[in-house]
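Asker: this one's sequence-less:
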C-alpha cells in the first residue's frame, strides 16, 4: 500500500466516467464507467489520501442504472464530461501543477474512430482515434477528443515536467456487443464530416506536435504516439474490444479498472507498472482471452510514485487449476522452452527473485505451445516444495533449469607450449600454471546450473577455455573473444567463477541465435528485409555488407490475411541482445495488421574498442499468432559482465536477464538432461523466425 511519504508533494487526478451518452447513432449508454471512477476515486482519497481539491471528476451517470454505485456515489458537484469540460480540465491541471508533481488521468467510456480532420497528417481516407465525450452527438459540430489533440494536451504536461500516468479503459476501434458483457466502442467507425475546430490548440500547433512525436508515422496504440514521457495502460490492443461486465455476478465495471484497483488493494508492498500490468493482463484474459491490455512508457516507474522500481522481465502465470495442480505460462516454443524445464513461482508483488524462501511453488513444464506452456506443481518428493501460498494469475515465474539443448559444452585446453606465437605462452611460469588454473575453473563448472558442462570424449565443444599470453583466462569460439572487460587474471580466485558467468551469458546468446522453426506455415506470411538508403535491395539480402554509420531501412510486411504479433531482436557484436522498438513503441510486441508494412530507420556502427574492425550483427524477427513477450531474452553487453556477481550467493546485476541467469546459477539443483530437444518443429506451428546477418566495416 502506497503512503503519502512515498509520493511527490502533490498528485492531481482527472477522473472521467461516461455511462450516459446524449442520443446518437453509434454510441449506446453504458453501465460501469461511473462505477469505475468511484472505485478509483475511493482509492485516491482513502488510500493515497489525496485532498478533494486535487481531484477533478467529470461523470455522466446513466439514469437507467438504479443499482447502488458503491461507497463513493457520483457527486452533484461533478461536471459533465462534455468535450469542452474535458479539455478545460486538462488545461486547468496543467496550469496548477508544478514540475515534478504527478498527474493521473483515468478515462472510462467509449473509444472510437472518426474520419480524420487532419488529412495533411493522415490522408483523406484515414481515421482519427479518440475518446468519445458524452455530447458527441450526430451533428457536424459534435466533437471527439482526437488522438492529435490528446498528443498536444499530454505534451503540454510533460513539457512542464509533470509526471503523467494515463489509463484508458475503452476500445479504440469499432465493435459490437457480444454475450453478457458490453463493449466500450461504437458499432462502426464514424464517417460523418465533423468540425476541425479545436479548443486544445491551433491547427498549426496540433499538426506540428503530432509530426514531432510520431515522425509522420501512423501510431496505432490507443491512437497516441510513443509513451516515453508518460505511462500509458490501455485496456486492449487497437483491433480488440474493451469489456465491462458484472464481476462476481454483481454490478458492472470495466475489466481493466476493476482488476487494477483489486490488484492495488490486494498486493502488499510497492509495485511498478510492469508488475501491475502483468496481474491485470492475467485476470482480464482469464475472462476475455481476446482482450490484451497494453503497457507503454516507463514500466519500471512505481505506481502512484515518481521513483523507479526495476524488476526482472519474467514469465507470467496466466491461469491456475488448483484441483489439477497445474498452471499456464505465457511463454512457449518461440521463447525457447521445452518440456521438463523448471520454474519457481513467486508472489505477484515480488521484485527480488534471489531469495529461495520467497518461492511459492516449483513447477515443471509438461506441454509447450507456440507462445504458452502448461506446467505441473511438484511436491517435495519430486524435488519441489509443494504449495506455500496462493498462486495467483499474474504471478511471476523464473526459470530454474535450462532448456535441455541449450546446454553448451566447453573444452579445457591446458596444452599450450612455451613460445612467441599467439597460441603459445611467453614464460615457463605461465606454462606451469595453466593446468592448475584450469582445474580451479573445472571445479566452478561442476557447481554451475547446467547451462555449460565440460565436453566429453568424442563430443564437439561449443567453447574452449585456456590461458592467454597475459596470464588471463580466455574464451574461444574458434578464435579468442576480444574486448572482454575486465580481464580475468588466473591468480584471482574469483576469476574462475567469472568465466562460468560469461559462458552462461554466451550460452543464452547462442540459444537465441538457434531459435528457428523453418517448417512453420507462417514462413511465407511475412517479409523481412534490409533496404539501402535508396530503398533498394542488397545483392545478398540475407548477408548485406555495410559501412559504419550507413543509413538503412528495415522493412517488415505482413503478407497474410491475419494479424501477427512481431518483435525484432538485435544480436549485437558485443554479445548484447536488445529489442528494437517498432514505430517507436517499446512494448512486448507490435501487432502487424494484414497487408501492413512498417519500416525502421537504422544506422549500425562498429563498437569502440580494440579488436572491433569488422563485425557481424544479426537482426532477428519473431512473429506469432498469439501474444508473446520476448523482452526476457535480452542480454547486456558481455564486455562488462562482471559488474555485479563475483561469488555464489551474491547478486547485484541490474539487467533483467542477468538476474534470471544468476537465479538459474543459484537455484538449479541438477544439470538438465541433454537428450531432449528444445522443441519439435511442426508445420502448423503458430510462430516463425527470420534473420538477417549484417557485416559492418569501420
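Answerer: Now that the structure is in, tell me what you want to look at. In this text, all values refer to a predicted model and were calculated from it rather than measured experimentally.
Asker: drop to CA atoms for contacts and neighbour counts, all remaining ones
Answerer: Will do.
Asker: dump the residue contacts of residue 558.
Answerer: With contact set as C-alpha atoms under 8 Å, 6 or more residues apart in numbering, residue 558 has these partners: 525-527, 564, 592-597.
Asker: 6 Å instead?
Answerer: For residue 558, the contact set (C-alpha atoms under 6 Å, 6 or more residues apart in numbering) comprises 526, 594-596.
Asker: now do the same end-to-end measure for stretch 563-581.
Answerer: One end of stretch 563-581 to the other measures 18 Å (C-alpha to C-alpha, to the nearest Å).
Asker: so how many other residues sit close to residue 576?
Answerer: For residue 576, the neighbour count with other C-alpha atoms under 10 Å is 17.
Asker: again with the one 10 residues further on
Answerer: Using other C-alpha under 10 Å, residue 586 has 20 other residues around it.
Asker: related to what we said a few turns ago, give me the buried subset of the contacts of residue 558.
Answerer: Among the contacts of residue 558, those buried by neighbour count (16 or more other C-alpha atoms under 10 Å) are 526, 594.
Asker: Would you mind measuring from residue 24 to residue 144?
Answerer: With C-alpha to C-alpha as the criterion, residue 24 and residue 144 are 13 Å apart.
Asker: what does residue 325 give?
Answerer: Residue 325 is 49 Å from residue 144, where distance means C-alpha to C-alpha.
Asker: So these two - more neighbours on which side?
Answerer: residue 144 (27 against 15).
Asker: Apart from its neighbours in sequence, what residue is nearest the more buried one?
Answerer: Among residues not flanking residue 144 along the chain, residue 132 sits closest, at 5.2 Å (C-alpha to C-alpha, 6 or more residues apart in numbering).
Asker: wait, the one you found sits on residue 146?
Answerer: No: if you go by C-alpha atoms under 6 Å, residue 132 and residue 146 don't touch, sitting 8.6 Å apart.
Asker: Among those two, which residue is more densely surrounded?
Answerer: Using other C-alpha under 10 Å, the more surrounded residue of residue 132 and residue 146 is residue 132, with 28 against 23.
Asker: Distance-wise, check residue 332 relative to residue 690.
Answerer: The spacing between residue 332 and residue 690, counted by C-alpha to C-alpha, is 17 Å.
Asker: can you pull out the helices in the protein?
Answerer: Using DSSP state H, the helices of the chain run over 33-42, 83-96, 119-122, 147-159, 203-214, 255-266, 273-287, 428-446, 495-514, 656-667.
Asker: Pick the most deeply packed of the ones you listed.
Answerer: A comparison of the helices of the chain by mean neighbour count, using mean count of other C-alpha atoms under 10 Å, puts helix 33-42 on top with a mean of 26.
Asker: on contacts alone, who are the packing partners of that helix?
Answerer: Under the contact criterion of 3 or more C-alpha pairs under 6 Å, 6 or more residues apart in numbering; DSSP states H and E, helix 33-42 touches strand 11-18.
Asker: Let me see the residues that make contact with the strand it packs on.
Answerer: Outside strand 11-18, the residues that reach it (C-alpha under 6 Å, 6+ apart) are 33-34, 37, 54-60, 102-109.
Asker: Now, of these, which are buried?
Answerer: So, of these, 33-34, 37, 54-60, 102-109 end up buried under the neighbour-count rule (16+ other C-alpha under 10 Å).
Asker: So the protein: which segments form each domain?
Answerer: Following automatic domain parsing, one finds the domains of the chain at 4-296, 315-400, 406-514, 526-664+673-697.
Asker: So for stretch 497-506, mean pLDDT?
Answerer: Mean pLDDT, stretch 497-506: 88.
Asker: so how far is that stretch from its chain's centroid?
Answerer: Offset of stretch 497-506 from its chain centre (C-alpha atoms, centre = their mean, to the nearest Å): 26 Å.
Asker: related to what we said a few turns ago, want to throw the helices of the chain into TSV with distance to residue 419?
Answerer: Supplementary listing: the helices of the chain in TSV, determined by distance: least, C-alpha to C-alpha, whole Å:
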stretch	distance to residue 419
helix 33-42	74
helix 83-96	73
helix 119-122	69
helix 147-159	64
helix 203-214	60
helix 255-266	66
helix 273-287	56
helix 428-446	9
helix 495-514	25
helix 656-667	38
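Asker: Identify whichever of the ones you listed lies nearest to residue 300.
Answerer: Checking those against residue 300 by C-alpha to C-alpha gives helix 273-287 as the closest, at 6.1 Å.
Asker: okay, and for the stretch 301-450 of the chain, where does confidence drop off?
Answerer: Residue ranges of the stretch 301-450 of the chain with pLDDT under 70: 310-313, 336, 354, 401-406, 448-449.
Asker: Since that was my last question, I'll sign off now.
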